[in-house]
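Enquirer: Give the three-dimensional model of this entry:
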Amino acid sequence: MQCKFTLFCRNLQILLYFCGQKIADGAFFFRKIDMRLGNYHHNSNHLFWTTILIAVFMLGSCRQQKTNEMTPWGTPIEGETDTIAETFTLTDIQTNGELIMLTLSGPDTYYDYRGRGMGLHYMLCEKFAQQIGVSLRVEVCADTLDMIHRLLSNEGDVIAYPLSIDKNKVMLGDSSKTLPAKEASEILACGFGNDSLKVHWAVRASNSQLADTLNSWFKPGMLAEVKDEESFLLSTKSITRHVYSPMISRSGGVISHYDHLFQKYAQHARWDWRLLAAQCYQESTFDPKARSWAGACGLMQIMPATASHLGLPISQIYEPEPNIAAAAKYIKELTSHFSDIGDRNERCLFVLAAYNGGFFHIRDAMSLAQKNGRNPHSWADVSEFVLKLSSPQFYRDPVVKHGYMRGTETVGYVDNIRRRYAQYRGFARPVHVPGISGSPHPAKRKNKYII
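Expert: Predicted coordinates:
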């Protein structure tokens, strides 16, 4: 009994230590208990209840102790720790170095174009962020109500979207519903605005410093400037390149000076080298120094972020062979993401579309096709929904996860490559590259290289 009791007391001593008591104090009590165990082992019940009372007393005093919580950077937290600042002011935003913009996906608000944000309201807000010396982060919301709730919850700094605000009346989307008066009073219209249409950007009413800065910064003439800038960026004029002939020698069957590289690396992606050549012409017209406004570089217009992902050093991004090799590697990666498409010819079309418009947008179009009873593995069916992703009815559909898309460009991209590839197949002949067979050929597994 004595051994068991001693073990119990020692365990209790450890518990008291972790409650913040000094080990010497704990030892003092338990030395007394040990002595009582030695002298009065016959009175075990009395000792048991004595020990329990001591434990309760010590644990009670432990609970009464005030613990000093520490921040991750080592300073004590004083007062209430669950209190969130009422307003993240302009000064706070500049100190933090980031402005958070809340908006909805759309052609005039925000959309991703080859890894770069676009849309009138995004580009305006980006200019404002540059003006105050911070970076811009975009949070795409589900709907107008979600935007407002996130603003009032301090999850964003500004709603860069044309909200319908008339005095203290805030309309929710295209419906006749309005925001409750209490919440509407917490929103302040500012910055971008169209008084005739009664649409404005908004911040929290308590953030007057940010509102005043937006009001003094915005000028109506900015709208035309940003629209012109966006139109230029989306045109071919924004691409710096020399336009070369799509075929050097039709009679000689020579497409370009890079045929040997297409032939060498197309096999890595299990593509016909002439398809890779057709894609290259669509991307850069065979100009190895081509560069787009978005930063895409070289023959295959590799984005710097994609180059980093593929292990292509930026110093080599304009070099023909590393650029084509990286593109083949990327095509192989995209092909693996469409492994659910059984037909190899169809899969190539989806890969081309993803190379241009983004994998996730193409997956959204596939989801729409399936939802509407079409074949999600047929490009003829899915391309229709790629085009429809420019319509609010479709890019706001619940199955669409990545919003608006400039579908006409992607569908045209695929169509142009298909037509040029058909031409190349009729005239182009393979060149001899040591160690590499000249052209796609039948293999034991059907259609291994033929597309």
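Enquirer: Mean pLDDT per element in the protein, and the minimum belongs to which helix or strand?
Expert: For the chain, scoring each helix and strand by mean pLDDT, DSSP states H and E identifies helix 23-39 as the least confident one, at a mean of 42.
Enquirer: now what about stretch 178-196, what contacts it?
Expert: In this structure, residues lying in contact with stretch 178-196 by CB atoms under 8 Å, 6 or more residues apart in numbering are 121, 124, 128, 145, 148, 151-152, 158, 160, 162-163, 165, 168-172, 199-208, 210-212, 214-215, 217-218. (C-beta placed from N, C-alpha, C; glycine too.)
Enquirer: Can you flag which of those belong to helices?
Expert: Among those, the residues falling in helices (DSSP state H) are 121, 124, 128, 145, 148, 151-152, 208, 210-212, 214-215, 217.
Enquirer: Out of the residues you listed, who's the most crowded?
Expert: Each of the ones in helices among the contacts of stretch 178-196 was scored for neighbours by other CB atoms under 10 Å, and residue 214 scores highest at 27 neighbours.
Enquirer: Name the nearest residue to it, ignoring sequence neighbours.
Expert: With CB to CB, 6 or more residues apart in numbering as the criterion, residue 214 has its nearest non-adjacent residue at 3.4 Å, and that residue is residue 191.
Enquirer: Assign that neighbour to helix, strand or coil.
Expert: Secondary structure state of residue 191, per DSSP: H, G, I helix; E, B strand; the rest coil, is strand.
Enquirer: And it, how far from residue 229?
Expert: Distance of residue 191 to residue 229, given as CB to CB, to the nearest Å: 18 Å.
Enquirer: closest to residue 399 among the ones in helices among the contacts of stretch 178-196?
Expert: Minimum distance to residue 399 across these is 20.4 Å, recorded for residue 145 (CB to CB).
Enquirer: Enumerate every residue touching the closest residue to the closest one other than its chain neighbours.
Expert: Take residue 145 and drop its neighbours on the chain: the residue closest to it by CB to CB, 6+ apart is residue 172, 5.6 Å away. When the contact criterion is CB under 8 Å, 6+ apart, the partners of residue 172 are 143-145, 178-179.
Enquirer: Identify the farthest-apart pair in these.
Expert: For the contacts of residue 172, the maximum inter-member distance is 14.3 Å, found between 143 and 178 (CB to CB).
Enquirer: just the contacts of residue 172 now: which is nearest residue 325?
Expert: Set against residue 325, the nearest of the contacts of residue 172 by CB to CB is residue 143 (44.6 Å).
Enquirer: For that closest one, grab the count of nearby residues.
Expert: A count of neighbours around residue 143, defined by other CB under 10 Å, yields 12.
Enquirer: Check whether it really touches residue 105, as I assumed.
Expert: No: Residue 143 is not in contact with residue 105 according to CB atoms under 8 Å; the separation is 10.8 Å.
Enquirer: Give me the pLDDT for the residue nearest to residue 214.
Expert: Here, the pLDDT recorded for residue 191 equals 91.
Enquirer: Look up how far residue 207 lies from it.
Expert: Between residue 191 and residue 207 the distance, using CB to CB, works out to 12 Å.
Enquirer: Residue 191 and residue 229: which is more packed in?
Expert: Of the pair residue 191 and residue 229, residue 191 is the one with more neighbours under other CB under 10 Å, namely 23 against 15.
Enquirer: The more buried one and residue 115: what is the separation?
Expert: Counting by CB to CB, the separation of residue 191 from residue 115 is 27 Å.
Enquirer: How about residue 315?
Expert: 20 Å.
Enquirer: Then residue 286?
Expert: For residue 286, the distance to residue 115 - CB to CB - is 23 Å.
Enquirer: of those two, who's got more company?
Expert: Using other CB under 10 Å, the more surrounded residue of residue 286 and residue 115 is residue 286, with 23 against 13.
Enquirer: dump the residue contacts of the more buried one.
Expert: 244, 256-258, 280, 299.
Enquirer: what residue ranges in this structure score low on pLDDT?
Expert: Within the chain, the segments meeting pLDDT under 70 span 1-87, 174-175, 236-243, 428-451.
Enquirer: same thing but 90
Expert: Applying pLDDT under 90 to the predicted model, the residue ranges of the chain that meet it are 1-89, 112-117, 142, 165-185, 193-199, 228-253, 291-296, 305, 426-451.
Enquirer: tell me which element the closest residue to residue 413 other than its chain neighbours falls in.
Expert: On the basis of CB to CB, 6+ apart, the spatially nearest residue to residue 413 that is not a chain neighbour turns out to be residue 356, at 4.4 Å. Per DSSP states H and E, residue 356 falls inside helix 344-357.
Enquirer: for that helix, which positions count as buried?
Expert: If you call a residue buried by 16 or more other CB atoms under 10 Å, then helix 344-357 has these buried ones: 344, 346-357.
Enquirer: Switch the residues you listed over to CSV; also include distance to residue 371.
Expert: Rendered in CSV, the data for the buried residues of helix 344-357 read as follows (distance: CB to CB, whole Å):
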residue, distance to residue 371
344, 26
346, 19
347, 21
348, 25
349, 21
350, 18
351, 23
352, 23
353, 19
354, 20
355, 25
356, 23
357, 19
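Enquirer: closest to residue 101 among those residues?
Expert: Closest to residue 101, out of all of those and judged by CB to CB, is residue 357, at 23.4 Å.
Enquirer: Wait, the closest one touches residue 412, no?
Expert: No: with contacts defined as CB under 8 Å, residue 357 does not count as touching residue 412, sitting 10.6 Å away.
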